[in-house]
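Colleague: dropping the sequence and predicted coords here.
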Amino acid sequence: GRMTQNVKGRWSVHEPILGKPYPEFLGPGQRTISLPIHLSVMHGVRPRKTMEQIEKAVESGMPHTLVIGDKKVGTCQWVITEMNEVWGEIIRDGNLLSANLTLNLSEYR
């Protein structure tokens, strides 16, 4: 999968008497990102440990700067609002060989 970003504005709709409704722009809305990640021991990663670190970030609510390819994404920091995990094969000693994650992030400020 690929990263997707949702950029939106905030609008209010006014309902005048005897007139058509009309929108008023209130300002920019909160950006959101959906980021798929593949973790694999074949890439030198420990999937279970990495997932535990991300789980802590989700549950702490701490904002962070998002950097992809040496470039900052957006002008604000981001919080991870949700992580979905799909576990791959687990070998006999309990080590997870791979996992696919989807992180949902929201602009913080």
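Modeller: The structure has been received and is ready for your questions.
Colleague: helix or strand right after the worst-scoring helix or strand of the chain on mean pLDDT?
Modeller: Within the chain, confidence by mean pLDDT, DSSP states H and E is lowest for strand 67-68 among all helices and strands, at a mean of 90. Next helix or strand after strand 67-68 toward the C-terminus (DSSP states H and E): strand 71-72.
Colleague: give me the residues contacting that following strand.
Modeller: When contacts are defined by CB atoms under 8 Å, 6 or more residues apart in numbering, strand 71-72 is touched by residues T65, L66. C-betas here are computed from N, CA, C, even on glycine.
Colleague: show me what the helix or strand following that strand is packed against.
Modeller: Note on strand 71-72: by DSSP H and E, the next helix or strand toward the C-terminus is strand 78-87. Contacts defined by 3 or more CB pairs under 8 Å, 6 or more residues apart in numbering; DSSP states H and E place strand 78-87 against helix 47-60, strand 98-107.
Colleague: in strand 78-87, what's buried?
Modeller: Neighbour counts using 16 or more other CB atoms under 10 Å place W78, V79, I80, M83 of strand 78-87 among the buried residues.
Colleague: give me the below-cutoff pLDDT ranges for this protein.
Modeller: Of all residues in the chain, none has pLDDT under 70.
Colleague: need the outlier residue of it, farthest from its centre.
Modeller: L18 (43.5 Å; CA atoms, centre = their mean).
Colleague: how about the secondary structure of that residue?
Modeller: Three-state call for L18 (DSSP: H, G, I helix; E, B strand; the rest coil): coil.
Colleague: would you turn the buried residues of strand 78-87 into JSON lines with distance to S98?
Modeller: Output for the buried residues of strand 78-87, formatted as JSON lines (distance: CB to CB, whole Å):
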{"residue": "W78", "distance to S98": "25"}
{"residue": "V79", "distance to S98": "26"}
{"residue": "I80", "distance to S98": "20"}
{"residue": "M83", "distance to S98": "16"}
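Colleague: hmm, back to that, quick one: the residue farthest from the centre of the chain from H43, how far?
Modeller: 64 Å (CB to CB, to the nearest Å).
Colleague: many thanks, we can stop here.
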